[in-house]
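>>> sequence unknown, structure follows:
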């Protein structure tokens, strides 16, 4: 990409331009807001992760090794709520999206910087309510809040937790709104849609889902709260309500929500495989359209969570067919990423290791989705550990690895520092191994019939449970190592230049860290995305 | 079993093997494509590793034939899977009409099972081998789920309505019964056993068990106790002979089938559907009858004649 | 620049046109989320109306159609005054702009006032408020109560949106008084207008759905 001259910096960047806590808490700079999010979601990740550790420790023994059943039930509920709503959904959009979207489109900030700050405060407010729910006794309905358990029978902080999720939803909506408007209206001259980095396409598709889906779960949660508060029968059949209606309203959002969690990671992977193969992405428009297709189809498949709820055979067939359909664009992406390495110049720094791990694990986990889209097998697998393994392969083996890969890739840009790549590669490996050890046994547990959300289980399932817990201990260590070297790097890491990876992309045309206004002069784009070399003719 | 390591539950029902075959097929696809992708990435990463710092590889834009290929092949695979799975599912969703009906009431945190002959079981279900069994289920409180891994069957058990599943056991033995929908603090303890017996052993067990009256007889007793005959035997309300399974014409012109849901609703919320030609004078029995008693009344009504049902129940 | 017609170009935008387009798109996207929000409620209402037609009809009959119709007329007028306000801003006519903004505010407050003081107050007196004092004699009281849950929730959320709209208009009135709007900068008024019309449109759906749909039975 050619830009007008980037002025030499005088060392003033967005990090040191202003000091003091007020300059951070009242900032409208998208880059600072990204770091505010980074701090808060890391905090919630650690809490959710602690929940996971306790769960796996407890499940070493069939009768439960650690917790009372009531406490265990609260543990998996809080683990789910925190990881879904306070880590996975915000993660890449709020940290990398906020930091990079303006830079990648060649703008000085997002369209609505104050709304951006507001969305962080909303996120924090929702998080505080949820923290209160945990400290005041926890909630034990599962993150899915099925009725009438959650409306009528559950004791515990259902209202506080529901309120926390409701509030945080608005943060998600506002972030999505900001991205859509920025991407539509603030692209630099010459930056047409098909010259955009695929990360932007991914963020765009994600934002559509955030905007259209989140309000529906907001309604579902408010109705649960109303029912609990006023003892009216919206979802409780004893009072005339329909418990399945809740499931429809809940899953109408919560299925697309899982694509909010994975699409940004896919966008990151597109950036990583191109940079570390030094090649244009193979099949740019196919990858771009696949992102949009996934977002659209994702709204049509929610019923596959309800195959055993008594829905009609016909509804089951329709949802099953559409659920199979949504696998196709994902497959297209995987093949295109793989093909990008063909005849490339591949290097193995940590971000690339995460990207390669993502592609493999996402393939495996995504294909297990077929077992669940398939009606006949889903009957057997629904609500077993197979489902847990499936979504952890995608969320942890996929989304989280994409997040870490992106964090490692853009860390020099965000902080101006390099981290020790040897340690980074080592922890990527530890995470990959620990992850597979943790979750592969769970596929087997699921088919053998071990249901999910069980505080105690029949003894015949113990061996696989112990294997899984052993893997989890390795995985936990793998996550802690980056925490150490990232913090270390902020003080002692070697200074990174503007473009330590020799990557294409407007964000790499600025100093590291960038100045507050991103670009001295706004760039004019004259090249395709990922213009790593001279374009060859189409392969036959 | 695979080298002594369990990979699947026992195959103890007529549908289990079919499901397992589909499972193996999907596993093969998964491992195959995962393997291909991992190996290809591995191969490319090594073969095309960066050899010099300023290397600039050839930029390959794309390939339409490849894109088509790797769109069409997955598409074919998912279509095949969909057709195979759906036909299995449709076939498995219909109980044979001669199925023995057993009733299930789930409540926090136990299963109550009612044989039509009157035997009641808690957390245990005795069934004869080789006979199709249909379970009609409801919950008294929250959503539960009836899950028998060895039979590969599962269905949510929902308050306020009936759901059903069917199976035909093929092997005697004792198999896990799990609650498969999180239902509160003792969800993991809401377990039991399904005991499959040879037919004679089952008959012996049935006649030897502590028995209350049969469900239909209990229902007849309730019919008398609650004086239903006052209207339903005098023409003020619709008669029950041959009612179950028939098509009923309603006041607003619609026609409904008199299935379990309809009968249950008519007892609890009589004003919801008024039969054509009758006045809306039936009082509600909500709060007066337990789920168990309702099922007994239903058994009584069924015993007064039933019409063959054509459409598949879920 | 200190004069009232200073067009404030926010830092992140290149020019006023980009700012204008971004604000407009932002408001439309926001309205899309609102449609999904109310849409969820409409879906729930529709499902239960299908299940409990008699009860929902009975509940609907207990509403005051005349007051509802009056309020509908009030809102339609307020959309007119809002549109005229936007036009005045576009044309730089300050006094007209303030007049129409104030009229819109008054009409909005009338709507909320009628709802609170007459409709809801009367519903409270007649024991029709679920969870607070609901008491209904009849075989389908559960369904009627459910109707009123949806009624109060939907009209309540709608009224909340109106109140927020009135607050926004109040701020705009103050800004108009200070001379902040003119032909080069009237976008905030236009955006507020979009929002106001949307809230009006929601009511256009609510009114028949809640008040009128049982009327012909």
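It's in. All of these numbers come straight from a predicted model, not from anything done at the bench.
>>> so which residues of the stretch 201-314 of chain B form strands?
B:247-249, B:255-257 (DSSP state E, counting those that start in this stretch).
>>> partners of the last one in the sheet?
With DSSP bridges as the criterion, the sheet partners recorded for strand B:255-257 are strand B:247-249 (antiparallel).
>>> on the three-state scheme, whichever residue of chain C sits closest to chain B is what?
Nearest residue of chain C to chain B: residue C:139, at 4.6 Å (C-beta to the nearest C-beta). (C-beta placed from N, C-alpha, C; glycine too.) What DSSP: H, G, I helix; E, B strand; the rest coil gives for residue C:139 is coil.
>>> okay, now it: neighbour count?
18 (other C-beta atoms under 10 Å in any protein chain shown).
>>> ok, so what distance separates it from residue B:276?
Going from residue C:139 to residue B:276 by C-beta to C-beta, to the nearest Å gives 19 Å.
>>> and the residue of the stretch 151-300 of chain B found nearest chain A, how many neighbours does it have?
Closest approach between the stretch 151-300 of chain B and chain A, counting by C-beta to the nearest C-beta: residue B:160, at 2.7 Å. Using other C-beta under 10 Å, residue B:160 has 22 neighbouring residues.
>>> for it, give me the pLDDT.
Looking at residue B:160, its pLDDT is 90.
>>> and it, what does it touch?
A:237, A:238, A:242, A:243, B:138 (C-beta atoms under 8 Å, 6 or more residues apart in numbering or on different chains).
>>> my guess is the second one is in a strand, correct?
Right, residue A:238. No - Residue A:238 is assigned helix when assessed by three-state DSSP, not a strand.
>>> list the contacts of it.
Contacts of residue A:238 (C-beta under 8 Å, 6+ apart): A:148, A:152, B:159, B:160.
>>> for these, work out which two are farthest apart.
The most widely separated members of those are A:152 and B:160, with 12.0 Å between them, by C-beta to C-beta.
>>> just put the contacts of residue B:160 in CSV and tack on distance to residue C:145 and pLDDT.
Below are these laid out as CSV (distance: C-beta to C-beta, whole Å; pLDDT from 0 to 100):
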residue, distance to residue C:145, pLDDT
A:237, 14, 90
A:238, 13, 86
A:242, 14, 91
A:243, 17, 95
B:138, 23, 96
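>>> go through these and name the one nearest chain C.
Among the contacts of residue B:160, and counting by C-beta to the nearest C-beta, the member closest to chain C is residue A:242, at 6.9 Å.
>>> which residues does the closest one contact?
A:235, B:160, C:47, C:48, C:51 are the contacts of residue A:242 under C-beta under 8 Å, 6+ apart.
>>> who wins for neighbours among the residues you listed?
residue A:235 (30 neighbours).
>>> okay, now residue C:171: neighbour count?
Neighbour tally, residue C:171, other C-beta under 10 Å: 12.
>>> check the one 10 residues further on too.
Number of residues near residue C:181 (other C-beta under 10 Å) recorded here: 27.
>>> secondary structure class of the closest residue to it other than its chain neighbours, three-state.
The shortest distance from residue C:181 to any residue other than its chain neighbours is 4.7 Å, reached at residue C:89 (C-beta to C-beta, 6 or more residues apart in numbering or on different chains). Using three-state DSSP, the structure places residue C:89 in helix.
>>> quick one: residues contacting the closest residue to chain B within the stretch 101-250 of chain A.
The nearest approach of the stretch 101-250 of chain A to chain B comes at residue A:237, 2.7 Å away (C-beta to the nearest C-beta). Applying C-beta under 8 Å, 6+ apart to residue A:237 gives the contacts A:148, A:243, B:158, B:159, B:160, B:161.
>>> run a quick neighbour tally on the residue nearest to the third one when sequence neighbours are not counted.
Here the nearest residue to residue B:158 in space, its sequence neighbours aside, is residue B:143; by C-beta to C-beta, 6+ apart that works out to 5.4 Å. By other C-beta under 10 Å, 26 other residues sit near residue B:143.
>>> for residue B:143, give me phi and psi.
The phi/psi pair for residue B:143 (degrees, to the nearest 10) reads phi -70, psi 130.
>>> show me where chain A has its strands.
Under the criterion DSSP state E, chain A contains no strands.
>>> where does it have low pLDDT?
Scanning chain A with the threshold set as pLDDT under 70 gives A:1-10, A:534-540.
>>> closest point of it to chain C, which residue?
residue A:230 (2.4 Å).
>>> contacting residues for that residue?
C:130, C:131, C:132, C:149.
>>> same check on residue C:169?
C:101, C:104, C:105, C:108, C:192, C:196.
>>> wait, the last one touches residue C:165, no?
Yes - at 5.4 Å, residue C:196 counts as touching residue C:165 under the criterion of C-beta atoms under 8 Å.
>>> looking at those two, which is more packed in?
Per other C-beta under 10 Å, whichever of residue C:196 and residue C:165 has more neighbours is residue C:196, with 26 against 21.
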